[in-house]
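> Provided below for reference: sequence and predicted model.
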Amino acid sequence: MRLLFRALVPSLLLAACPGKAAATDAFVEEVVPPWVAELKGDYTLWQDGEAGLGQLCDIILGVDRTIGGYAVSTDGKCEEQLQLAGEPAAWFLREDGYLILIDAARQALLTMQRLPDGGWKDSRNGDYVDAVLLDPRSP
């Protein structure tokens, strides 16, 4: 009798919890949050103002998790072109809605506020002196 009970318990538990296997599979597979899916894609990071005219780099905000946020791919020119402290390696949205670009050491490079047109801006030393902007790349 004891052997029969041990054999039936797992089957009874699975029958009592329909959908348990599907829920477990969904738990294992990471779901991309809606705000990540909304922001993923190709962008141009560029500097506004007289000093930064023409200084830009291509950047892709990815959906793959990495240490510090979500993966970033760049053309390798951001650090030099925009005088950043490092090359962007990850991104995330802070609780207050700011988009943060960080380097491989998880140090913040840019803290960007969303603009009414959907772009992003880090004012740096002023709105029109050294501001760095992030805009969707034109096809």
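All right, it came through fine. What you see is a predicted model, and the numbers here were worked out from it, not measured in a lab.
> and the strands in this protein?
41-47, 56-66, 69-74, 90-93, 99-102, 108-114, 120-122, 132-136 (DSSP state E).
> so what are the sheet partners of the second one and their directions?
Strand partners for strand 56-66, identified by DSSP bridges, are recorded as strand 41-47 (antiparallel), strand 69-74 (antiparallel).
> hang on, the earlier thing: quick one: closest of the strands of the chain to Trp35.
Checking these against Trp35 by Cβ to Cβ gives strand 90-93 as the closest, at 5.9 Å. Where you see a C-beta, it was placed from the backbone N, CA and C, and this is true even at glycine.
> for the closest one, buried residues please.
90-91, 93 (16 or more other Cβ atoms under 10 Å).
> same check, this time on stretch 110-123
110-112, 120-123.
> and what of stretch 71-87?
71-72, 74, 78-79, 81-82, 84, 87.
> of all the buried residues of stretch 110-123, which comes closest to Val63?
Closest to Val63, out of all of those and judged by Cβ to Cβ, is Trp120, at 17.5 Å.
> mind listing what that closest one touches?
When contacts are counted by Cβ atoms under 8 Å, 6 or more residues apart in numbering, Trp120 touches 99, 112-114, 133-135.
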